[in-house]
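**Student:** Here's a sequence, model it:
(2 chains)
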Amino acid sequence: MKARFSLAPLLLLLALVFAGTAQAVKPDEVLADPALEARARALSEGLRCMVCQNQSIDESDADLARDLRILVRQRLVAGDTDQQVMDYIVSRYGEFVLLKPRFSLRNALLWGTPVLLLLAGGIFIVMSTRSRRPAPDGTLSADEQAALDKILRD
Amino acid sequence: MVETGHFALVLAFALSLVQMLLPLVGARSGNRRLMAVGGPVAVTGFALTALSFAALAGAYAGSDFSVANVWENSHSLQPMIYKITGTWGNHEGSMLLWVLILTFFGALVAVFGSNLPETLKANVLAVQGTIGAAFFLFILTTSNPFIRLNPAPIEGRDLNPVLQDLGLAIHPPLLYLGYVGFSICFSFSVAALIEGRIDASWARWVRPWTLVAWMFLTGGIAMGSYWAYYELGWGGFWFWDPVENASFMPWLAGTALLHSAIVMEKRSALKIWTLLLAILTFSLSLLGTFLVRSGVLTSVHAFATDPARGVFILCILTLFIGGSLALFALRASRLTAGGLFHPISREGALVLNNLFLTTATATVLVGTLYPLVLEATTGGKISVGAPFFDLTFGPLMLPLLAIVPFGPLLAWKRGDILAASQRLMAAFALAIAAMLVAGLFIDGGSVFAALGVGLAVWLVAGALTDLAVKSGVGSVTPAVMLRRFAGLPRSVFGTALAHLGLGLTLLGIVGTLSFGTEKILTMRAGETVDLSGHTLRFEGLFPRKGPNFTEDRGRFLLISNGNADGEITSAKRFYPARQTVTTESGIRTLGLSQLYLSLGDEGKDGSVVVRLWWKPLVTLIWGGGLVMMGGAAMSLLDRRLRVGAPARRRKPAAAAASASPT
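**Tutor:** Residues are numbered from 1 along each chain as shown, chains lettered A, B, ... in the order given. I've put the predicted structure just below:
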């Protein structure tokens, strides 16, 4: 069949993920030093498997992901810092490999939207409550308050 | 039978055109006979769509491979359940399910809408008919499931093995009931804009529909998450995948809508905003349909090379989103703004809720679409994955979750934040205690774990505080308290349950992510492994033959306190029809936690790679979702929301109080 995916929502994900069905990290890849291995795992979670739809190399079974995992570990063993490892991989594979896009001008809108929208919404709400300040309310007697509470509760 | 189904589908399309035009013309010209056409046409349209769907399901059940769609997605050896669920396990069939649910909701409005103002009902049905017409046309022209093959093949190509699971029976129908349920809110909003006014019956109708759609969408997403969790074989439960985001965005917007609709119903404030949210929520459902159905996610280029479907849905998208927003821009100013309120009040809290939820929705939207837009405009390729959402969506949720317990404890119009805080003291103390325990005393504790556990306990305790305060704990005798508790409106229970469910889900997420453990190793038969206090012995691999697959089943014996405590099996399956291998994970639930294991590659010496996880509290992730659904169901049972329910069987005074809009 041609690569036409005609599946129910969410299932597309499952199908694509199943391109290969071995395991992600294999026992022979694991580094002896637990601290180094933990760093490798953390870095792997931020790197995209280039041939999968939306998986990190930590989760993927693809051969390319395995190569990348081994590469990350080689660099770590060679003494690179986390940043150096990431820079090295980006220099070889491009920014597409990063699951967390860089803070750059090109991605300004991506990173800026949440902050801008929250600010704009907040300012809008403050302005609109300022301009429509409720009239000072008369105080209610205890009985009236009780009656009101009862009505509101019902 | 198949031709009958095809014919019924064409008829349903014709009827949807009638439903689109006649009631609308009737409402404009005040012609009651034309307006009255809408109801029967909507019901008949539903019946025809159901007939069409049944015809396709029948072809699947009977393995009629002369139908191209059945041939592509079924196999004669499949178990009956997967033959039937295969009906919607493909593009064409799932679109048919989509319109089936759409017409079902339209028919519900027609049947139960007798108490709606005539023109409003006519306009709602007309808008619903328009949506139906667009999608019927889409199915008939680009995605017809009834196309025959001649000569008919002997055997089918099998349903994608990943989909041969009970999840397919539950997940898509629930998800679509949610997605498409929001079409009713959309139709009501557009109808209100056409009429240029929103009256009391509008809000009283829209809120229960929102609740229904939200309830199903919650269930659909939770079910999908659990399905992915056990099917994928590595125990992840949420991936921030565009396809998931497509269902998550309407959920976030729908949650905001649910809350603003409360303000609108109770206080007739936020009318215009609620209307806009209703439009946006369904627009996001449509966007989700576009993203999933057009193939644009797989790659922008795939979309460009086979554009018929994608362009069609894009047109539908533009028509409905653009049209409704344009109408909104033209007409919204005619609608009167509603009641006033002090910033510190229940309304104020709900406005904050809306601010955070809409920003979160927009964040997910931008994160999902940015790579597509960037590639289409500049050709640059970037990836937006989990780390992005952790950094943006996460911080937006923190303040939102922190204010949740305050909302229900604040009074309408003008609240007392000090009094609410005092009532929440116990919940706050509990949350702090939980935070300290999680951060300092449990293995694997971290700042994230402490904060998460604290927030989760805060949500759960806050929800219980709400119930306690409203039943008068501490100020009245236990007998009075019990009576008050039993007499609380169902919607109060609904709110408390939904918030409690949210807390449970959060607890499950934090528990699994922070305190879970993992082991990857090579095992031979007879070897044992320890993980977080559990011992497993690998018994070996055993071949087995299923109806349409063969598998190697790995059996593991769970040993607790030196005694055998049942078996966990994980298998690697081979489906010959599609030459596909799948991994069946082995899961054992212990309390609220789970042991999860899956098999990897076999070595030459009889060894096999095994990955196992201890996932503490993981079942709460989906259990919390069920509790949220329960909350929505409870709210729906509230008499106030039962549209059209006459006030009988209740004391006159109470009925009057609950019937009059406050």
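
**Student:** C-alpha only now, for contacts and for neighbours.
**Tutor:** Fine.

**Student:** which residues does B:G554 bridge with?
**Tutor:** With beta bridges defined as DSSP bridges, B:G554 has these partners: B:L541, B:S570.

**Student:** And it, how far from chain A?
**Tutor:** In this structure, B:G554 and chain A are separated by 15 Å, where distance is defined by C-alpha to the nearest C-alpha, to the nearest Å.

**Student:** Quick check: which element contains B:F538?
**Tutor:** Under the assignment given by DSSP states H and E, the secondary-structure element containing B:F538 is strand B:534-545.

**Student:** Give me the distance from that strand to the chain's centre.
**Tutor:** Here the centre of mass of C-alpha atoms in strand B:534-545, compared against the chain's by C-alpha atoms, centre = their mean, to the nearest Å, lies 36 Å away.

**Student:** other SSEs contacting that strand?
**Tutor:** The contact analysis (3 or more C-alpha pairs under 8 Å, 6 or more residues apart in numbering or on different chains; DSSP states H and E) places strand B:534-545 against strand B:528-531, strand B:550-560.

**Student:** quick one: average confidence on it?
**Tutor:** Confidence for strand B:534-545, expressed as mean pLDDT, is 91.

**Student:** Any buried residues in that strand, and which?
**Tutor:** Within strand B:534-545, the residues that count as buried by 16 or more other C-alpha atoms under 10 Å in any protein chain shown are B:535-541.

**Student:** For it, which outside residues touch it?
**Tutor:** Contacts of strand B:534-545 from elsewhere in the structure, counted by C-alpha atoms under 8 Å, 6 or more residues apart in numbering or on different chains, are B:523-530, B:550-560.

**Student:** Stretch B:271-280 now?
**Tutor:** Under C-alpha under 8 Å, 6+ apart, the answer for stretch B:271-280 is B:182, B:185-186, B:189-190, B:198, B:253-254, B:256-257, B:260-261, B:264, B:321, B:324-325, B:328, B:332, B:335-338.

**Student:** Can you select the buried ones from these in PyMOL?
**Tutor:** Only the buried members of these enter the following PyMOL selection, criterion being 16+ other C-alpha under 10 Å:
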select buried, chain B and resi 182+185+186+189+190+198+253+254+256+257+260+261+264+321+324+325+328+332
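
**Student:** Which members of the contacts of stretch B:271-280 are positioned in helices?
**Tutor:** Secondary-structure check on the contacts of stretch B:271-280 using DSSP state H: residues within helices are B:182, B:185-186, B:189-190, B:253-254, B:256-257, B:260-261, B:264, B:324-325, B:328.

**Student:** Among those, find the lowest-pLDDT one for me.
**Tutor:** B:M264 (85).

**Student:** my guess is that residue meets B:L270, correct?
**Tutor:** Yes - in terms of C-alpha atoms under 8 Å, B:M264 counts as a neighbour of B:L270; the distance is 5.8 Å.

**Student:** Kindly tell me how buried B:G606 is, as a neighbour count.
**Tutor:** B:G606 is flanked by 11 other residues according to other C-alpha atoms under 10 Å in any protein chain shown.

**Student:** Roughly how far does B:T130 sit from B:H6?
**Tutor:** Distance of B:T130 to B:H6, given as C-alpha to C-alpha, to the nearest Å: 20 Å.

**Student:** what does A:G112 give?
**Tutor:** Using C-alpha to C-alpha, which is the criterion applied here, A:G112 is 49 Å from B:H6.

**Student:** Of these two, which one has the most company?
**Tutor:** When A:G112 is set against B:H6 and neighbours are counted by other C-alpha under 10 Å, the residue ahead is B:H6, at 22 against 14.

**Student:** Quick one: residues contacting that one.
**Tutor:** Here B:H6 is in contact with B:52, B:146 (C-alpha under 8 Å, 6+ apart).

**Student:** can you give me the helices in chain A?
**Tutor:** With DSSP H as the criterion, chain A has helices at A:11-17, A:34-45, A:63-77, A:82-93, A:108-131, A:142-153.

**Student:** Can you give me the neighbour number for B:I262?
**Tutor:** By other C-alpha under 10 Å, the residues close to B:I262 number 20.

**Student:** Wait, it touches B:W205, no?
**Tutor:** No - using C-alpha under 8 Å, B:I262 and B:W205 do not qualify as a contacting pair, with a distance of 11.6 Å.

**Student:** B:D552 contacts B:V581, correct?
**Tutor:** No - at 10.9 Å, B:D552 and B:V581 do not qualify as touching, with contact defined as C-alpha under 8 Å.

**Student:** quick check, nearest of the buried residues of strand B:534-545 to B:L488?
**Tutor:** B:T535 (48.2 Å; C-alpha to C-alpha).

**Student:** Can you tell me how far the closest one is from chain A?
**Tutor:** Distance from B:T535 to chain A, by C-alpha to the nearest C-alpha: 19 Å.

**Student:** In contact with the residue nearest to that residue when sequence neighbours are not counted, which residues?
**Tutor:** On the basis of C-alpha to C-alpha, 6 or more residues apart in numbering or on different chains, the spatially nearest residue to B:T535 that is not a chain neighbour turns out to be B:I559, at 5.2 Å. B:I559 makes contact with B:534-537, B:565-566, according to C-alpha under 8 Å, 6+ apart.
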